[in-house]
Structure formats: C-alpha cells, structure tokens
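Peer 1: following is a predicted model, sequence given first.
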Amino acid sequence: MYERFTDRARRVMELANIESQLFQVDTVCTEHIFIGILKEGNGVAAQALQALRVELHDVYKLLKQHGLYRRESSLKFQPRTLPCSSTVSALFDQSAREAEALGHTYIGTEHLLLGLVTDPGWSVRFLHGFGLTSEQVRSEIMKCLRDAAIAVAAKLSTSLPKDPIHSEEPAHMDLRVIREPAVYLVGRQQVDGELDLFLADHGVAWQSDTKVAGEYLAEAAGRLCYLSYARPRPGGNKAYLDHILEVGHGSVLEHAVWNFIFVRCSRSLTHELVRHRHFSFSQLSQRYVDESVAEYVEPDCIAADPALHALWLEAVAHAHQAYMTLVQKLQDSFADETDDRTLRRKLARQAARSVLPNATETKIFVSANARALRHFIELRASRHADPEIRKLAVTVLRIMQTEAPNLFADYHLQPLPDGTFEAVTPHRKV
C-alpha cells in the first residue's frame, strides 16, 4: 500500500496508527491522519498548516465538539497495526490522483492533505472549524512547494559539488543532475498458433529452434518469400538469419518488434531520436506534467570541467526558477478566464515550458522493429554521433544482444577515447 509513500508520509501513517489506538477505535480514520500530519511537523503539509495557524490543541478541541474525542494519552497498549477505514482507502486513491496531477511519482504529506481537503464532507467538518477553505489550504501547499523549489534552485546556482564528475544532487532535492540514460524493455512479441494452421493448410511442416518470437517471425517471413519451409538450412535460426544479414534482405527483420521506455534522456536527445521515422513514439507531455520537480542531463564534457559545470548549473537553476515563477503567475492570471483548475495548470505549464532548456530530462515510449533498431544503432552508436545518444544506442544494443542474439550478435563494441563505445558490424544497412 505504501510503496510510493515518502518517508515522511509513512511517518504520518505511523503516528495516525498510534493516534487511532489512543482514541480507542479499531480503524485508522481521516482525523487521525490529519493529526499525524501535524505531529510529523516537517513535511510540506505540516508547513502549510503551520502557516495557516492550525494548532494541534485546536484540532483536539474541534474533535471534542464533534463528539469524536475519546483520546486517552495515558492508555497502556501494545502498539499494533490497525486497518484503515474505507474513507482512508478513498483518501489514498485521491492522494494518488493529486500526485499524478502534479506530475509527481511519489505520494508525500502534501498529497495526503490535498486528498483530505478534496472531500467536501471532511472540509465542512474540519476546515470550516478553523475558518479555512479547501482552496486556501491548496494554495498554501502550492506556495510551500514553489518556495522549496526556488530555494533549491538558489542553492544550486551558488554551490558546486566537490566532485562534479561523479557527484549527483541528493535524491530529495527538486532539481537533480543526471548523466546516464536508462532503458526499460517493456514489451515483446509472441507467436500465435495460426502460423501452424497456415503451414498445415499448405501441406508443409516447419519448426524453428529459437525461443525468441522476433527471431522466429523474421525467419518465418523470410521463408514465406520463397516457400522454403520444407528446406531448412543447416544451423537453424541463427544460420538462417546470418544469411539474411549477409545478403541484406532486411525487410523480413521489420516483422520483429519490441517496446521500450527510454528515461533520463534530455530533450536534445529526443529531438534527434524522433528523426528515426520507423520508430513509434509517445513522449512525456510538458503541457500536463509539472516540471517543478525536474532532472537535467549534463553533458560529460561540461561535467568534467569545474568552471564549465558551475556555469551550466547556474544557467539551469535560473531557468528552473523562471519556470516555477511563470507557472504560478500564469495560473493566477488565468483565474479570471476559467474556474477549471486543471485547465489553468495546463495553460500555465504549456506557456512556462518555453523557458526550460534542452537539458530537461524526458521520458519516451518507443516501439521499433529489428531493422529500424539496427539502423538506429549504426547511426547513433557511432563515434560521429552525439555522446548522449551514443550511450543510449549502446545500452539498447546490449539489451538486444541478450534479448535476440541471432539478430544483433554481429555487432561488436569498441572503446572510444571519451570512455564511451561505438558499435561496428560487417553487415551495415541491412
């Protein structure tokens, strides 16, 4: 349940669990989580409530007025984990939606509080008792998030890591520097029994010795061209595909397809990537996703020079801060045009993104066939390619040499002076 919760959000739930036992009830309820937020004291939610002058003793007083105060602080009990009420389960779902709306991959104390104030019934019972509205709490949370991001940007613009080549900013900071791409292979094909039905209908029987669907389908497509199912070449699938590569019959490789997610890549990289028109793409939207918690990809040649690193870091930090300020001011300006909070965020972000640099990290879903992948590797895993996309191409190659060796084993990696590798093969432009 708590996999996406931050440490502070988990601490809130621990405190809420204790509080529910002190209240002598059998489930953790929303009021206990509200108390847990205040008792945790350091999270964004607690900071927002403190700024709004919500005090713990006033919460207990309000609960007493509603007949919910049965707390016994001197109660002797053995701490145990209580189940959550149905309203808390609904709160978790709403908190996840609030995090998604902000483009956050985690659930923090701020998302728990946003989930609480979204419930009209809860707001009437509790917030109104403090003379507050849901919008006031939401606005204060957004202000705390902006202030934290601006503080981080200011710190980054005036500080220099001791080891600029190997040191990354702490994971909890809102602006992070990264230097290596990452690739997830998330989908691959499977062979359907209809192929055997086709073979039987044409009076032939054929089997391949490969377990990789892409390799199997590439061979099946090649054999269809010459109806050579009954005359298998010695050496099985590998020998057959080696021959395909040698003669350059690359069209049959287009039937072998894989799906990837590329992350920790800069927008500079994806501007080059989308030129590979035989790939299919779905990319992270800067119109909808909040970039206030952002990563920036630093080129190795800049990271290696302390003076250049400092200059780059300062430029990125100023752009990041400008984005944060523009989003807030634009959202305020669009308030007169629409009451739709989601639309205001989209309108603000789509305009503010204009100041974000090409170094901004992005995520992109890519579907590609084996022939297109080989073309990508030959162009981008070359010494003449940009180093960032070269790293990505080499990472893809290493994955595919494990995934489908009969289609990619002809490539060899050679080290380059900058510490990266290039891929070479005797079978180019297949």
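Peer 2: Good, I have the coordinates. Every value quoted in this text rests on a predicted model; they were computed, and no experiment measured them.

Peer 1: got the buried residues for stretch 83-98?
Peer 2: Buried residues in stretch 83-98, counted by 16 or more other CB atoms under 10 Å: 84, 85, 87, 88, 91, 92, 94, 95, 98. Yep, even glycine has a C-beta here, placed from its N, CA and C like the rest.

Peer 1: the first one contacts residue 26, doesn't it?
Peer 2: No - in this structure, residue 84 is not within contact of residue 26 by CB atoms under 8 Å, at 10.9 Å.

Peer 1: circling back: restricted to helices, list the buried residues of stretch 83-98.
Peer 2: Among the buried residues of stretch 83-98, the residues falling in helices (DSSP state H) are 87, 88, 91, 92, 94, 95, 98.

Peer 1: any chance of those in TSV, plus pLDDT and distance to residue 302?
Peer 2: Listed next are those as TSV, based on pLDDT from 0 to 100; distance: CB to CB, whole Å:
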residue	pLDDT	distance to residue 302
87	79	51
88	80	47
91	83	44
92	86	42
94	87	42
95	87	38
98	84	36
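
Peer 1: and the furthest pair within those residues?
Peer 2: 87 and 98 (15.9 Å; CB to CB).

Peer 1: am I right that residue 186 sits in a strand?
Peer 2: Yes - when classified by DSSP: H, G, I helix; E, B strand; the rest coil, residue 186 is found to be part of a strand.

Peer 1: wait, what's in contact with residue 381?
Peer 2: By CB atoms under 8 Å, 6 or more residues apart in numbering, the contact list for residue 381 reads 390, 393, 394, 397, 411, 421, 422, 423.

Peer 1: and the gap between it and residue 177?
Peer 2: 24 Å (CB to CB, to the nearest Å).

Peer 1: got it, and residue 318?
Peer 2: Taken as CB to CB, the span from residue 318 to residue 177 is 15 Å.

Peer 1: quick one: which of the two has more around it?
Peer 2: Legend: neighbour count by other CB atoms under 10 Å for residue 318 and residue 177, higher for residue 177 (22 against 16).

Peer 1: so that one is in which element?
Peer 2: For residue 177, the enclosing helix or strand under DSSP states H and E is strand 175-178.

Peer 1: can you tell me the strand partners of that strand and which way each runs?
Peer 2: strand 294-297 (parallel) (DSSP bridges).

Peer 1: could you point out which element follows the partner strand?
Peer 2: helix 300-303.

Peer 1: okay, residue 157: pLDDT?
Peer 2: Here the pLDDT value assigned to residue 157 is 49.

Peer 1: again, but for residue 30
Peer 2: On the pLDDT scale, residue 30 gets 79.

Peer 1: what helix or strand does residue 137 sit in?
Peer 2: Residue-wise, residue 137 maps onto helix 134-158 under DSSP H and E.

Peer 1: wait, what's in contact with residue 255?
Peer 2: Each residue near residue 255 by CB under 8 Å, 6+ apart is listed here: 214, 217, 218, 220, 221, 369.

Peer 1: is the fifth one located within a helix, as I assumed?
Peer 2: Read it as residue 221. Yes - the assignment for residue 221 (three-state DSSP) places it in a helix.

Peer 1: distance of residue 103 from residue 49?
Peer 2: Taken as CB to CB, the span from residue 103 to residue 49 is 23 Å.

Peer 1: pLDDT (mean, whole number) over the helix or strand harbouring residue 122?
Peer 2: Residue 122 is part of helix 120-125 when elements are defined by DSSP H and E. Across helix 120-125, pLDDT averages out at 69.

Peer 1: okay, the buried residues of stretch 83-98 in CSV with distance to residue 278 next?
Peer 2: Output for the buried residues of stretch 83-98, formatted as CSV (distance: CB to CB, whole Å):
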residue, distance to residue 278
84, 49
85, 53
87, 51
88, 49
91, 46
92, 42
94, 42
95, 41
98, 39
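
Peer 1: of those, which pair is most distant in space?
Peer 2: Spatially, the most separated pair among the buried residues of stretch 83-98 is 85 and 98, at 19.2 Å (CB to CB).

Peer 1: from the contacts of residue 255, which is closest to residue 248?
Peer 2: residue 218 (13.8 Å).

Peer 1: what is whichever strand or helix holds the closest one packed up against?
Peer 2: In this structure, residue 218 is located in helix 213-226 according to DSSP H and E. Helices and strands touching helix 213-226, by 3 or more CB pairs under 8 Å, 6 or more residues apart in numbering; DSSP states H and E, are helix 236-247, helix 405-408.

Peer 1: residue 298 is nearest to which of these?
Peer 2: Here helix 405-408 is closest among the helices and strands packed on helix 213-226 (CB to CB), at 29.8 Å.

Peer 1: run through who's touching that closest one.
Peer 2: Contacts of helix 405-408 (CB under 8 Å, 6+ apart): 210, 212, 214-215, 218, 237-238, 241-242, 253, 256, 370, 373-374, 377, 397, 400-401.

Peer 1: fine, thanks again, bye for now.
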